[in-house]
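1. Predicted coordinates and the sequence they were generated for:
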Amino acid sequence: MPCSAKAILTFLTISSTSLILLHSAEAGKLLDLFKNDLERIPSSENLLQQEKQSKAQLAIALSRESQGNPRKALSIHKAIVRDYPLSSSASTSQFKLGVLYMAQENPPKAFDAFQLFIENYTGNPAFSEAIRHQYEIAKAGQHGTFKKMILGVIPRKTQTSDLLKWHGKIIGNAPHSDYAPLSQFAIAEIYESEEKTAMAIDAYQALVDNYPNHPKASEAQFRIGAISTSEINRGSQDLGNIISARDAMEDVIVAYQDSKRAEQARKALAQFDLIEADRLYEIGRYYEKQMQYKSAIVYYHKVIAFTGSRHVADAKQRHTDLLLMIKTANNDQ
């Protein structure tokens, strides 16, 4: 006879002694596992038997690992997770799978193993450690520190798509952990290294917005300005880049005045002044050549305000000459 949801809850209550070693999240898995076939709900006696058997298998797996036989240990841990998913040993085995794959320098499998642990055993005390391991895997892949070779010849290279996915998972798994802002910063660095400047700026900005008090926030704010500055130094005449760079550096000085980047931001602002003066001077010269003298005078006047510019003296002279020219022309009329 099919069981009702109420009957299932009653069963779980009655069988609480057999589930004492299970976390609440794992008890919830019991409902999920049998929701399509409620007559297959294991009895309390069966659960206790599985707990005993899984513990025996776990002891063997740990023994094989200590004896230097990780392959056999992996095999047993996989079997425990598969055959005894509701046992307390299953969470231990799932975590150990991640650890063993890390030792084998198999980052994709290691990360995925920890991901399954995080998703299925949220309340487990090792949750934070699993997040830490995921971050270590992602950073090692980003820095190319995995030494294992494919077929003994080709160095393994972690794909950018995997790195972005991993860091994104870390943020999603634990957005308030110590590793979430570090992963956000890593995502921005990856985009920057790929020269995807708009995406890099957005990623750095997300760090500043979501984790404004994190030590990486001042660096992220500075990087936003630095990216725009690089575009300018490569010859970009886009006024938007100058405005973006200037705003970012001003934010560094205001929001992170005690950071090591604040003084560099001040120097960058001085550089922007010179770049801005160059741009204004060129516009003034353009209007002068087009014989639009009044417009040229306006821009030469703006250049004069940037006292450190190499164009100040010339701008002053042209400004004076054009004013005199216009005055003479008006008098002649």
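-> Noted; the coordinates are in hand.
2. going forward, measure contacts and count neighbours with C-alpha atoms only.
-> OK.
3. Can I take it that Glu195 is in a helix?
-> No - judged by DSSP: H, G, I helix; E, B strand; the rest coil, Glu195 forms no part of a helix; its state is coil.
4. how many neighbours does it have?
-> For Glu195, the number of neighbouring residues by other CA atoms under 10 Å comes to 12.
5. With Tyr287 as the reference, measure out to it.
-> Summarising the geometry, the distance separating Glu195 from Tyr287, computed by CA to CA, to the nearest Å, is 35 Å.
6. Ok, Arg279 next?
-> Relative to Tyr287, and taking CA to CA, Arg279 is found at 13 Å.
7. Next, the contact list for Asp209, please.
-> Asp209 makes contact with no residue under the criterion CA atoms under 8 Å, 6 or more residues apart in numbering.
8. so what's Gln184 up against?
-> Gln184 makes contact with His167, Gly168, Ile171, Ala203, Tyr204, Ala206, Leu207 under the criterion CA under 8 Å, 6+ apart.
9. and with 7 Å instead?
-> For Gln184, the residues meeting the contact criterion (CA atoms under 7 Å, 6 or more residues apart in numbering) are Ala203, Leu207.
10. same deal with Ala265?
-> Taking CA under 7 Å, 6+ apart as the criterion, Ala265 is in contact with Met249, Val252, Ile253.
11. before we move on, what about Thr158?
-> Contact analysis of Thr158 by CA under 7 Å, 6+ apart lists Gly141.
12. which residues of the stretch 1-150 of the chain score low on pLDDT?
-> Low-confidence segments of the stretch 1-150 of the chain, defined by pLDDT under 70, span residues 1-41, 145-150.
13. Tell me where it has strands.
-> Here the stretch 1-150 of the chain has its strands, by DSSP state E, counting those that start in this stretch, at 149-150.
14. Now the spatially most central residue of the chain: which helix or strand?
-> What sits nearest the mean C-alpha location of the chain, by CA atoms, centre = their mean, is Gln184, with 2.3 Å. Under the criterion DSSP states H and E, the helix or strand holding Gln184 is helix 179-193.
15. Report the buried residues of that helix.
-> Judged by neighbour count using 16 or more other CA atoms under 10 Å, the buried positions of helix 179-193 are 179-192.
16. ok, now stretch 280-297?
-> When burial is assessed from 16+ other CA under 10 Å, stretch 280-297 yields the following buried residues: Leu280, Tyr281, Glu282, Ile283, Gly284, Arg285, Tyr287, Glu288, Tyr293, Ser295, Ala296, Ile297.
17. Residues contacting that stretch, please?
-> Counting by CA under 7 Å, 6+ apart, stretch 280-297 makes contact with Tyr299, Tyr300, Val303, His319, Leu322, all of which sit outside it.
18. for these, which one is nearest His133?
-> When those are compared for distance to His133 (CA to CA), Val303 comes out closest, at 55.1 Å.
19. list the contacts for that closest one?
-> When the contact criterion is CA under 7 Å, 6+ apart, the partners of Val303 are Ala277, Leu280, Tyr281, Val312, Ala315.
20. Ala313 versus that one, what's the distance?
-> For Val303 relative to Ala313 (CA to CA), the value is 10 Å.
21. Give me the distance between Ala200 and Ser177.
-> Distance of Ala200 to Ser177, computed by CA to CA: 22 Å.
22. between those two, which one's more packed in?
-> Ala200 (25 against 14).
23. That one: helix or strand, and which one exactly?
-> When elements are assigned from DSSP H and E, Ala200 belongs to helix 197-210.
24. got the angle between that helix and helix 179-193?
-> Orientation note: helix 197-210 sits at an angle of 160 degrees relative to helix 179-193 (axes from the mean of the first three to the mean of the last three CA atoms, to 10 degrees).
25. Name the residues of helix 197-210 that come out as buried.
-> Neighbour counts over helix 197-210 (16+ other CA under 10 Å) mark Thr197, Met199, Ala200, Ile201, Ala203, Tyr204, Gln205, Ala206, Leu207, Val208 as buried.
26. Equivalent analysis for stretch 75-92, please.
-> Buried positions in stretch 75-92, judged by neighbour count with 16+ other CA under 10 Å: 76-81, 84-92.
27. roughly how far out does the helix or strand where Leu322 lies sit from the chain middle?
-> When elements are defined using DSSP H and E, Leu322 is found to belong to helix 312-332. A distance of 56 Å separates the C-alpha centroid of helix 312-332 from that of its chain, computed with CA atoms, centre = their mean, to the nearest Å.
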